[in-house]
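[1] Return a 3D structure for these sequence lines:
(2 chains)
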Amino acid sequence: DTGVSQDPRHKITKRGQNVTFRCDPISEHNRLYWYRQTLGQGPEFLTYFQNEAQLEKSRLLSDRFSAERPKGSFSTLEIQRTEQGDSAMYLCASSLGQGAVQPQHFGDGTRLSIL
Amino acid sequence: AQSVTQLGSHVSVSEGALVLLRCNYSSSVPPYLFWYVQYPNQGLQLLLKYTSAATLVKGINGFEAEFKKSETSFHLTKPSAHMSDAAEYFCAVSDNTNAGKSTFGDGTTLTVKP
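    From the prediction side, this is the model:
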């Protein structure tokens, strides 16, 4: 179990630029989740994948956001035309989706700062 | 729909004192409940989970939580606080109808005074 890894850890960009984050889940985990966390708040659900299929998207995920999980392995989250309000910590988590609900294993997140 | 309320955004205790962090949940189906801890600039680490077995759940680092259905509560306790317990704590609820995604509370910051 090498854990969930996220890259980059920090991203600073100018408003209007596009950014892409990567998440590598625990290898045997078939479910992958993206959350957004702002200061003083708990993580908010953005989207999740079961293998390569994106099965649910939160209404928080505007059309500027897109996520993929090709081949059911790593995932990317892209934000186009970034806005000040996109500044947050973006957390990725993975779990085994079988039987009873399993706890999610979180990466250390990507902190996005919009100048 | 599910929701979690964590009462008290900040809790301060002395080293060696009892830690009590409060969590109340709302769920229309039998819930799965979790407590996570987050240290600065890190992700969330699971402390313990309730999955409809024993109502008193023991976790890592001496923490435990008790599921009380009648009170819709899942409070986190530790008999004796240690300086290393200072962190932010999140309660989360999930269930089998939503693919395991979790709804989190807003967190409680625990400060431990020497």
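[2] I'd say residue A:107 and residue A:77 touch.
    No - between residue A:107 and residue A:77 there is no contact under CB atoms under 8 Å: 11.7 Å. For every residue, glycine as well, the C-beta is placed using N, CA and C.
[3] Give me the common contacts of these two.
    Residues touching both residue A:107 and residue A:77 by CB atoms under 8 Å, 6 or more residues apart in numbering or on different chains: A:23, A:92.
[4] Give me the next element, helix or strand, following the helix or strand encompassing residue A:89.
    Using DSSP states H and E, the element containing residue A:89 is strand A:88-95. For strand A:88-95, the following helix or strand on the C-terminal side (DSSP H and E) is strand A:105-106.
[5] hmm, that next one touching chain B?
    Yes - against chain B, strand A:105-106 shows contacts by CB under 8 Å from any CB of the partner chain at A:105, A:106.
[6] And that strand, what does it pack against?
    Packing partners of strand A:105-106 (3 or more CB pairs under 8 Å, 6 or more residues apart in numbering or on different chains; DSSP states H and E): strand A:88-95, strand B:44-50.
[7] of all the residues in chain A, which ones are close to chain B?
    So chain A meets chain B at A:4, A:6, A:31, A:33, A:40-45, A:48, A:50, A:55-56, A:91, A:93, A:95, A:97, A:100-109, A:111 (CB under 8 Å from any CB).
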